[in-house]
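Trainee: whatever this is, show me its structure:
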Amino acid sequence: MAKNGTEYEPTFTDDDDEESEELQDWNDWDAKEEEEEEGPDFLCFFCDSRYSSCDDLFDHCSSTHHFDFRAIRKALGLNFYGSFKLINFVRSQVVENRCWSCGLTCQSNQDLQNHLHETVNFKDITPLWDGDEYLKPFLQDDSVLYSFGEDEEGEDDYTAVVDKEELMSDLRHFEEICIDHDIHVEKIAIDFDTSYESGKSNVASSSNGYSNNEGSPGKVTINGMDSGEHVESAGRKTKENKLRAYIPNHGSKDVKNINDDYFGAYSSFGIHREMISDKVRMDAYRQAILKNPSLLKSAVVMDVGCGTGILSLFAAQAGASKVFAVEASEKMAAVATQIAKDNGLLWSKSPGDSTNHGTGVIEVVQGMVEELDKSRLIQPHSVDVLVSEWMGYCLLYETMLSSVLFARDQWLKPGGAILPDTATIFVAGFGKGATSLPFWENVYGFNMSCVGKELFEGASKIPFVDSVDDHGLVTSAAVLQSFDLVTMKPDEVDFTANVELEPNLGGAAGSLTDLKSETTWCFGVVLWFETGFTSRFCKEMPAVLSTSPYTPKTHWLQTMLTFKEPIAVTSGKSNIDKSAAVGTEACPAVRIPLRISIARASQHRNIDISLETAGVDAHSRKRNWPVQIFNLG
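Mentor: Residues are numbered from 1 along each chain as shown. Have a look, this model is predicted:
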């Protein structure tokens, strides 16, 4: 790994001869004798403390840093193999100032130590260190790796020896390789390098985990809500032209297989029918393309991920001089070609080709946009307008935005247009009415609420994509993150943002008729997005595509993240029980601070979401709930 393989190497006191002897016969190494001669040799996972035994180290980590290694091993039944991986995983996270348990990235090691917390359910995070990459020792001469099991009672020595031999055999299958700084291949290295893998949140794109709000061009107002704020995230550290990484040989093959499955899924005509039938989607793009003649007339256009080619057809209809319709799916590229031909809009390479009807401007290019620069089919910086319908669930699922930004940097002319050019993610709290709980409370007169309770508990572990009515919202909405596609950097696709929700019980509890407090329960948060075709480029007629609960439903629906337990909220003044916990009916919250991170997951094209929730009562008492991790994929 670029960071994990070479950059972090603490100084140890062992000399080369002793290290050589240990490698030759590590079963006969007397750890206690070494410790007496050379002093403390077991480095803490989280700070600079050293200890003379693993037991002392683990006691320190448990009491000071909330990391109980022995309890985790016991709870998960980890063998030598799994424990070895866990140690390397934790060390790899700490060097990035990232919480090993929830994935939160902190500004400094001290901030990380202040953040570390108890882990409620170890089994939820087990997949984090499942990868074979954690068989590679993160630190050279890490004594903990070879000593953590020696003092345990009842350990099967034969099994431990077999595990070590198997481990060394597996390590021989790893290669140190160089990866060219290519945006397509770099995704593999970034996924691997960021370490917070296998379905949990990676928030390394923010250097301090916080985001700053700044003004941004192209502000849009919907239902009285300002969505034009731009939240800027600090990018990852700039990488060199060559990335050095320790990765399994099958890494690029796995990504290729995922891409094949992904683009293969878009070969289904049912998916395209659903998208084309989405009136909100189609009206926004059609208006932006056809109602802005000064933008499209005689322009060279690139359509990234053209599918059936509908946006390319709009561009041709609007007067574009040339349209490059890029499609990775071989089947859909053939379909788009036939559709363009049937409508007399297919470009012909040969002037004498009988298939050229004389008005053809659409050239379908089959392949991933990241690979087109190798074929030089399209000249660099030759495109006037870049158009794409790249949005997935929760905006960023499918991670196609990275492909659009790559196309922007590779082919768009300086000052060229991007449609859409802005995107904004919103968040609000939802109540009981947005869940299935009311249904199970009365099924033909029978109480089946136990089913609803079980469903609720399961929902707190996975995100749900569903339709949420605006009457189901119990808090105000807030801008979580805004993107300016003209200026944003690829690493800003991953972000961490802090917002605060306030109860808004008008839709959930009826209008407030007096000063008496109305209290209801917030069961989780719902995310949605909007994209803007702003007046920056669409001067004649700007457009907005919104997936809000307040607007007509789209095929994107909304993404729901359910709390582990509901939070009582109030919008009025009331006498509260100060002895009760914040967020209970006796002491409802008046504000819900949230810290949400969204990042590309290790599973290619998936996204990870981490949610930190707090409640603040009328007397400013605050309560924090355990971090929740969601994988959308």
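Trainee: for residue 360, give its distance to residue 316.
Mentor: From residue 360 over to residue 316 the distance is 8 Å, taken as CB to CB, to the nearest Å. Every residue, glycine included, has its C-beta placed from N, CA and C.
Trainee: quick check: neighbours shared by these two?
Mentor: Taking CB atoms under 8 Å, 6 or more residues apart in numbering as the contact definition, residue 360 and residue 316 share the neighbouring residues 340, 345.
Trainee: more neighbours: these two, which one.
Mentor: Here residue 360 and residue 316 are set side by side on neighbour count (other CB atoms under 10 Å), and the busier one is residue 316, at 27 against 20.
Trainee: helix or strand right after the helix or strand hosting that one?
Mentor: Taking DSSP states H and E as the criterion, residue 316 maps to helix 310-317. As assigned by DSSP H and E, the chain's next helix or strand after helix 310-317 is strand 322-327.
Trainee: name the strands paired with that following strand and say parallel or antiparallel.
Mentor: The partner list of strand 322-327 in its sheet, established with DSSP bridges, is strand 300-304 (parallel), strand 362-366 (parallel).
Trainee: that one - what's its average pLDDT?
Mentor: Strand 322-327 shows a mean pLDDT of 95 in the predicted model.
Trainee: ok, then the element right after it?
Mentor: Heading C-terminal from strand 322-327, the first helix or strand you meet, by DSSP H and E, is helix 330-342.
Trainee: list the buried ones in that next one?
Mentor: Using 16 or more other CB atoms under 10 Å as the burial criterion, the residues of helix 330-342 that qualify are 332-333, 335-337, 339-341.
Trainee: ok, so of those residues, who is nearest residue 144?
Mentor: When the buried residues of helix 330-342 are compared for distance to residue 144, the smallest value, 51.9 Å, is given by residue 332; criterion: CB to CB.
Trainee: help me confirm that the closest one comes into contact with residue 325.
Mentor: No - between residue 332 and residue 325 there is no contact under CB atoms under 8 Å: 10.0 Å.
Trainee: quick check: neighbours shared by these two?
Mentor: Common neighbours of residue 332 and residue 325 (CB under 8 Å, 6+ apart) are residue 306.
Trainee: ok, the closest residue to residue 365 other than its chain neighbours - contacts?
Mentor: Here the nearest residue to residue 365 in space, its sequence neighbours aside, is residue 326; by CB to CB, 6 or more residues apart in numbering that works out to 4.9 Å. Residue 326 sits next to 302-306, 365, 367, 369, 372, 407 when contact means CB under 8 Å, 6+ apart.
Trainee: do that again at 7 Å, thanks
Mentor: Listed by CB atoms under 7 Å, 6 or more residues apart in numbering, the contact partners of residue 326 are 302-306, 365, 369, 372.
Trainee: surely residue 393 meets residue 559?
Mentor: Yes - checked against CB atoms under 7 Å, the pair residue 393 and residue 559 is within contact range at 5.7 Å.
Trainee: which one's more surrounded, these two?
Mentor: In terms of neighbours (other CB under 10 Å), residue 559 is the more surrounded of residue 393 and residue 559; the figures are 27 against 21.
Trainee: buried ones in the stretch of helix or strand the more buried one belongs to?
Mentor: Taking DSSP H and E as the definition, one finds residue 559 inside strand 558-570. Within strand 558-570, the residues that qualify as buried by neighbour count (16+ other CB under 10 Å) are 558-564, 566-570.
Trainee: list the neighbouring strands of the helix or strand that it is followed by plus their orientation.
Mentor: Toward the C-terminus, strand 558-570 is succeeded by strand 592-600 as the next helix or strand (DSSP H and E). Under the criterion DSSP bridges, strand 592-600 sits next to strand 495-501 (antiparallel), strand 607-616 (antiparallel) in its sheet.
Trainee: pLDDT below threshold where in the stretch 201-350 of the chain?
Mentor: Low-confidence regions of the stretch 201-350 of the chain, defined here as pLDDT under 70, cover residues 201-268, 349-350.
Trainee: kindly recompute the last result at 80.
Mentor: Scanning the stretch 201-350 of the chain for pLDDT under 80 picks out the ranges 201-272, 348-350.
Trainee: show me the strands in it, by range?
Mentor: Listed from the start of the chain, the stretch 201-350 of the chain has strands (DSSP state E, counting those that start in this stretch) covering 212-214, 221-222, 225-226, 230-232, 242-247, 300-304, 322-327.
Trainee: how about the stretch 51-200 of the chain?
Mentor: If DSSP E, counting those that start in this stretch is used as the criterion, the strands of the stretch 51-200 of the chain fall at 175-180.
Trainee: for it, what spans make up the helices?
Mentor: Taking DSSP state H, counting those that start in this stretch to define them, one finds helices in the stretch 51-200 of the chain at 54-65, 69-76, 80-94, 109-115, 157-171, 183-193.
Trainee: which one of the ones you listed has the lowest average pLDDT?
Mentor: When the helices of the stretch 51-200 of the chain are ranked by mean pLDDT, helix 183-193 comes last with a mean of 33.
Trainee: can you get me the start-to-end distance on stretch 67-80?
Mentor: The first residue of stretch 67-80 is 18 Å away from its last residue (CA to CA, to the nearest Å).
Trainee: ugh, wrong one, I meant stretch 428-438
Mentor: Counting by CA to CA, the length from the leading to the trailing residue of stretch 428-438 is 20 Å.
Trainee: average pLDDT across that stretch?
Mentor: In this model, stretch 428-438 carries a mean pLDDT of 89.
Trainee: shared neighbours of residue 393 and residue 559, which are they?
Mentor: Overlap between the contact sets of residue 393 and residue 559, as judged by CB under 7 Å, 6+ apart, is given by 465, 632.
Trainee: that older thread, now, which of the buried residues of strand 558-570 sits nearest residue 465?
Mentor: Sorting those by how near they are to residue 465, with CB to CB, puts residue 559 at the top with 5.6 Å.
Trainee: quick check, that closest one in contact with residue 525.
Mentor: No - here residue 559 lies out of contact with residue 525, judged by CB under 7 Å, at a distance of 9.2 Å.
Trainee: wait, what's in contact with the closest residue in space to residue 283 that isn't next to it in sequence?
Mentor: Distance criterion CB to CB, 6+ apart; nearest residue to residue 283, sequence neighbours excluded, is residue 543 at 7.9 Å. Contacts for residue 543 were tallied using CB under 7 Å, 6+ apart; they are 284, 287-288, 533.
Trainee: okay, and the beta partners of residue 543?
Mentor: Each beta-bridge partner of residue 543 is listed here: residue 533, as defined by DSSP bridges.
Trainee: bridged to the nearest residue to residue 499 once chain neighbours are set aside, which residues?
Mentor: Excluding its sequence neighbours, the residue lying closest to residue 499 (CB to CB, 6+ apart) is residue 478, at 4.2 Å. Partner residues in beta bridges with residue 478: residue 427, with DSSP bridges as the criterion.
Trainee: what's the distance between residue 478 and residue 144?
Mentor: As judged by CB to CB, residue 478 and residue 144 stand 43 Å apart.
Trainee: who has more neighbours, those two?
Mentor: Taking other CB under 10 Å, residue 478 and residue 144 do not tie; residue 144 has more neighbours (23 against 20).
Trainee: still on that earlier bit, and the pLDDT at the residue nearest to residue 283?
Mentor: 97.
Trainee: likewise the one 3 residues further on?
Mentor: Per-residue confidence at residue 546 stands at 97 (pLDDT).
Trainee: what about the residue lying closest to it once chain neighbours are set aside, how many neighbours?
Mentor: The shortest distance from residue 546 to any residue other than its chain neighbours is 4.1 Å, reached at residue 530 (CB to CB, 6+ apart). When neighbours are defined as other CB under 10 Å, residue 530 has 24 of them.
Trainee: mind checking how far residue 530 is from residue 401?
Mentor: If you go by CB to CB, the gap between residue 530 and residue 401 works out to 15 Å.
Trainee: what's the answer for residue 70, then?
Mentor: Summarising the geometry, the distance separating residue 70 from residue 401, computed by CB to CB, is 43 Å.
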